[in-house]
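Asker: Take this sequence and fold it.
(one chain, ligands or ions: 2)
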Amino acid sequence: MSALTRVREKMREQNLPAMLVSNVDNAGWMTGFSGSSANVVVTPDDALFITDSRYTIQANEEVKGVPVTSFASPVQMTDFVAQQLKMMGVSKIAFEANTTTYEQFENLKGKLNGIELMPAPDIFTDLRLVKSPEEIEKIRAACQLADKCFEHVLRLIQPGVSEWDISLDIEFFFRRNMAEIGFSPIVASGQRSALPHGRASEKILEAGGFVTLDFGAKLDGYCSDMTRTMVLAPLSDRHKHIYDCVLESQLAALAIMKPGVAAHDVDAAARDTLAKYDLAQYFGHGLGHGLGRNVHDGGRLGTNSKTILAPGQVWTVEPGVYIAGFGGVRIEDDVVVTETGIEILTHSTKELLVLP
Ligand code: ZN
Ligand code: ZN
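Answerer: Numbers count the residues shown, from 1 in each chain. Ligands and ions are numbered 1, 2, ... in the order given. Modelled structure (predicted):
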């Protein structure tokens with residue numbers, strides 16, 4: 001089923017007569033457009049893709065299944081949208097209440113004279129959570145590239161090298177392989193590994209502590225997101241113990257993932273395992289998030305999540321233990337939910353590497 005058909009189905013469920021999709025991520029997901037300016041009007045039996053003149057050629061090449069129109073300066077997007085809605089005979093239209101700013105709303109309201117605006121609930125998070133086979137292939141390719149990157153960067157993980165140089169090496173590897181970085185790599189060593197989002201700093205790696213790498217590619221519009229934690233020799237019993245506990249916690253979560261299981265139960269499987277070792281208090285974030293066009297796509301594997309696992313969903317599974325003044329461990333894989341369980345898309349080793 002096409003994305004547009006799925007959007008129309010949701011609109012029917014929510015009694016939305018027509019919808020203005022102004023969030024460019026949602027518009028891109030629905031049409032295949034990869035540029036940064038787009039509005040899409042969707043009605044039960046009509047649709048229109050609107051962009052500005054910078055993207056006219058690109059939109060005509062990329063957008064599938066929706067007619068494309070564009071405008072040029074000095075016309076503004078909202079003026080043009082209002083004009084097109086009138087031509088399409090739309091009298092009432094829903095806007096994306098969760099991503100439209102108050103200023104955009106006021107601006108649009110001022111231009112629409114006569115056309116009624118209504119807020120639409122967020123329909124895209126649920127829709128985008130379940131990926132098409134084509135989307136899964138793209139995520140799989142981005143994961144393969146992350147695995148290759150890990151293999152490539154391992155030679156640098158040794159005392160004397162700076163976190164920053166490791167980060168640059170990761171970025172350069174992705175760029176050289178025709179990808180973008182999905183996000184600025186996290187490279188956190190020693191006590192800094194207790195920072196869950198410790199961006200690479202000028203710190204020099206030192207013997208005897210954890211090094212956490214969290215990185216991912218954006219390839220053909222889709223992301224990967226993987227974390228591995230290593231130890232710089234010598235390995236202490238405490239480092240080994242904490243690593244083993246986090247790995248056991250991740251494996252416990254992966255083991256119960258299949259269609260029909262509640263996302264909060266997957267989170268609980270990881271959290272309960274850490275609790276056995278009195279480490280749950282050091283695990284402050286949710287277990288994982290949806291992954292797709294954005295690194296943090298919709299959906300959460302967390303204590304309060306209402307989501308039920310279903311085939312086609314792609315999740316990160318990333319428990320962590322972060323102890324201030326000591327260090328931290330996170331292990332993160334990307335998985336797709338299948339008809340019977342899951343397939344893990346990131347394959348880098350999770351055996352504790354003691355380097356160099
Ligand atoms: Zn990550
Ligand atoms: Zn993540």
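Asker: My reading is that Ala269 lies in a helix. Confirm?
Answerer: Yes - remark: Ala269 belongs to a helix, assigned using DSSP: H, G, I helix; E, B strand; the rest coil.
Asker: Residue of the stretch 251-356 of the chain nearest ligand 1, please.
Answerer: Glu332 (4.9 Å; Cβ to the ion). For every residue, glycine as well, the C-beta is placed using N, CA and C.
Asker: so that residue bridges to which residues?
Answerer: On the basis of DSSP bridges, Glu332 is bridged to Thr227.
Asker: now Gly292: how far from Leu205?
Answerer: 33 Å (Cβ to Cβ, to the nearest Å).
Asker: who has more neighbours, these two?
Answerer: Gly292 (25 against 22; other Cβ atoms under 10 Å).
Asker: mind listing what the more buried one touches?
Answerer: 29, 128, 131, 135, 139, 222-223, 314 (Cβ atoms under 8 Å, 6 or more residues apart in numbering).
Asker: rerun at 10 Å
Answerer: Residues near Gly292 by Cβ atoms under 10 Å, 6 or more residues apart in numbering: 25, 29, 128-131, 135-136, 138-139, 142, 221-223, 298-299, 313-314.
Asker: Tell me the residues of the protein that contact ligand 1?
Answerer: 214, 225, 227, 332 (Cβ under 5 Å from the ion).
Asker: between these, which has the most around it?
Answerer: Top of the residues of the chain next to ligand 1 by neighbour count (other Cβ under 10 Å): Asp225, with 27 neighbours.
Asker: Can you tell me, leaving aside adjacent residues, what's nearest to it?
Answerer: Using Cβ to Cβ, 6 or more residues apart in numbering and skipping residues adjacent in sequence, the residue nearest Asp225 is Gly216, 4.0 Å away.
Asker: what residue ranges in the stretch 251-356 of the chain score low on pLDDT?
Answerer: Counting by pLDDT under 70, the stretch 251-356 of the chain contains no low-confidence residues.
Asker: Which single residue in it comes nearest to ligand 2?
Answerer: Counting by Cβ to the ion, the stretch 251-356 of the chain gets nearest to ligand 2 through Thr316 (4.1 Å).
Asker: Also the stretch 1-150 of the chain?
Answerer: For the stretch 1-150 of the chain, Cβ to the ion, closest residue to ligand 2: Ala146, 11.5 Å.
Asker: Assumed that residue was part of a helix.
Answerer: Yes - under the criterion used here (three-state DSSP), Ala146 sits inside a helix.
Asker: All set, thanks.
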